[in-house]
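Enquirer: quick one, fold the following:
(one chain, ligands or ions: 1)
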Amino acid sequence: TLANFGLYGLGTMGTALAHNIAENGVDLHVASYRKADMDSFVADAPTFDGAVTGHDNLADMMRDMLTPRAIIFLIPAGQAVDDAIAEARPHMQPGDVLIDAGNSNFQDTRRRAADLEASGLAYMGMGVSGGEFGARTGPSMMVGGTASVWDAMRPMLEAISAKFEGAPCVDHVGPDGAGHFVKTVHNGIEYADMQLLAESYGLMRHGLAMTPAEIGTQFAAWNDGAMRSYLVEISAEVLQTADPQTNKPLVDVIVDTAGQKGTGRWTAIEAQKLGVAANTVEAAVGARVWSAGRETRAIGEEIFAPVRGPVELTSTQLEQAALASRIIGHSQGFDLLATASEEFEWDLDLARCAEIWRAGCIIRSELLSDIAAAFRNHPPAGLLAFAPEMVTTLQDTVPALRAVVGAAIAAGHPVPVMTAALAWFDGMTQARGTADLIQGQRDFFGRHGFARLDGGSGHHGPWAD
Ligand code: 6PG
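Expert: Presented below is the predicted three-dimensional model:
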């Protein structure tokens, strides 16, 4: 049965998605928890093929809709979602589905899905990427829920989604929290990618004395090569933009403190919990954290008065370093997806995840087609970085990454994500590392025992008591 659609929450994303749905000829009921949003939505609503009917609140909207109903929430993650579920629940009937299209924590989605499904009700956690423009013109969507809910929602979601060479950038990735988890990891990769571009910008600006506009031109040139991606494209545009008030480069009037709503941090946290090395994401989250300590940084600069020297690097070296870091960041993100898939029994198709990110989402890039191909061919040890599709590129670009990180460190420019990417690469290509000493230390002070290369575990060193 085709569902009747309702959308709850008419902020920036809700409005954009509502317009997209209605433009695709779907009749839509809308309501908002903020009355002002509803009023401006009705006032601004253009005429679409699909009729848009406004309601005062969620309960009224549900009462006025025919069944079965699919209600899409576009509301802030957290308590607001629990409140909306509590409000909708008394009005729900079997066959109805609630869809959370916000950036919810996947653990919350698992809990909510289990709770509703236990009462025979349906719940879907859907990751939506692409910002306001994506929501309006075609986002990338990662669906978590049961197969029957996906079947019911599929035609509408495919219609409103971004298309990559005609293929809809939406799929059912797994049950319960799988969709929100895949979206969270998308954002973790996004954080690392944004930060490595900021590091490239920093080196060009402070190490090569380039102007923002010149750096923008450089990024625009990268966008014609292997680094081609939405984030490189918009970085070029941001850097080439002048502030209308002062006519200075816009970046020079923006406070250098990055906000974060949680998804990047959750990626790092889940990686730690699941024992996955995602140090590029950790470094990116860490860099946002210290960006927030503006006053502290100013004090540090005053105390140490560091001299940041020039660097001698070519644009090709910088581009290659960024590409190597991007591949490693993605490799870590996909490793986390694979590990979570095992842990939560989601059966994620990593190639499909890469495919639905090829258009509409924030990390869409040239690289994702190769990533999809790499996963179809089962990379060694399941690691993207070890896939033949990536190995040649890494062999070509890691020397530049090494040169860039080396030069940056020597001259005093922080490049945390690139440094993390290189450390991971060097660590993961060393068959025998240095944790033999860690095990020796652990056994020395805590009799934790160690495994021996010639066999057996639980051995102890000949330490004095
Ligand atoms: C997207 C974005 C989007 C948003 C997040 C992350 O895929 O469309 O990731 O979901 O920008 O809120 O933003 P923060 O940087 O605020 O954590």
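Enquirer: every contact and neighbour count from this point should use C-alpha atoms.
Expert: OK.
Enquirer: gap between A451 and the ligand?
Expert: 42 Å (Cα to the nearest ligand atom, to the nearest Å).
Enquirer: typed the wrong thing, it's H29
Expert: From H29 to the ligand the distance is 24 Å (Cα to the nearest ligand atom).
Enquirer: same thing with D370?
Expert: 20 Å.
Enquirer: ok, now W290?
Expert: Counting by Cα to the nearest ligand atom, the gap from W290 to the ligand is 15 Å.
Enquirer: for N247, give me phi and psi.
Expert: phi 70, psi 10 (degrees, to the nearest 10).
Enquirer: got a pLDDT number for it?
Expert: With respect to pLDDT, N247 scores 97.
Enquirer: who touches it in this structure?
Expert: With contact set as Cα atoms under 8 Å, 6 or more residues apart in numbering, N247 has no partners.
Enquirer: give me the neighbour count for the spatially closest residue to D176 that is not a sequence neighbour.
Expert: Closest residue in space to D176, ignoring its immediate chain neighbours: G145 at 4.7 Å, by Cα to Cα, 6 or more residues apart in numbering. Using other Cα atoms under 10 Å, G145 is surrounded by 24 other residues.
Enquirer: do the helix or strand where L231 lies and the ligand meet?
Expert: Using DSSP states H and E, L231 maps to helix 230-240. No. Applying Cα under 6 Å from any ligand atom, one finds helix 230-240 out of contact with the ligand, separated by at least 11.2 Å.
Enquirer: quick check: residues of the chain near the ligand?
Expert: Neighbours of the ligand within the chain, by Cα under 6 Å from any ligand atom: S129, G130, G131, N187, G259, Q260, K261, G262, T263, C361, I362.
Enquirer: save those residues as JSON lines, and put in neighbour count too.
Expert: Converted to JSON lines, the residues of the chain next to the ligand look like this (neighbours: other Cα atoms under 10 Å):
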{"residue": "S129", "neighbour count": "27"}
{"residue": "G130", "neighbour count": "22"}
{"residue": "G131", "neighbour count": "17"}
{"residue": "N187", "neighbour count": "25"}
{"residue": "G259", "neighbour count": "10"}
{"residue": "Q260", "neighbour count": "13"}
{"residue": "K261", "neighbour count": "9"}
{"residue": "G262", "neighbour count": "16"}
{"residue": "T263", "neighbour count": "23"}
{"residue": "C361", "neighbour count": "26"}
{"residue": "I362", "neighbour count": "21"}
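Enquirer: of all those, which two lie farthest apart?
Expert: Put simply, by Cα to Cα the two of those set farthest apart are G259 and C361, 19.4 Å from each other.
Enquirer: hey, where'd the helices end up in the stretch 251-400 of the chain?
Expert: Here the stretch 251-400 of the chain has its helices, by DSSP state H, counting those that start in this stretch, at 263-274, 279-292, 294-304, 315-344, 350-356, 367-376, 388-411.
Enquirer: how is this protein partitioned into domains?
Expert: By the assignment in automatic domain parsing, the chain contains the domains 4-176, 184-428.
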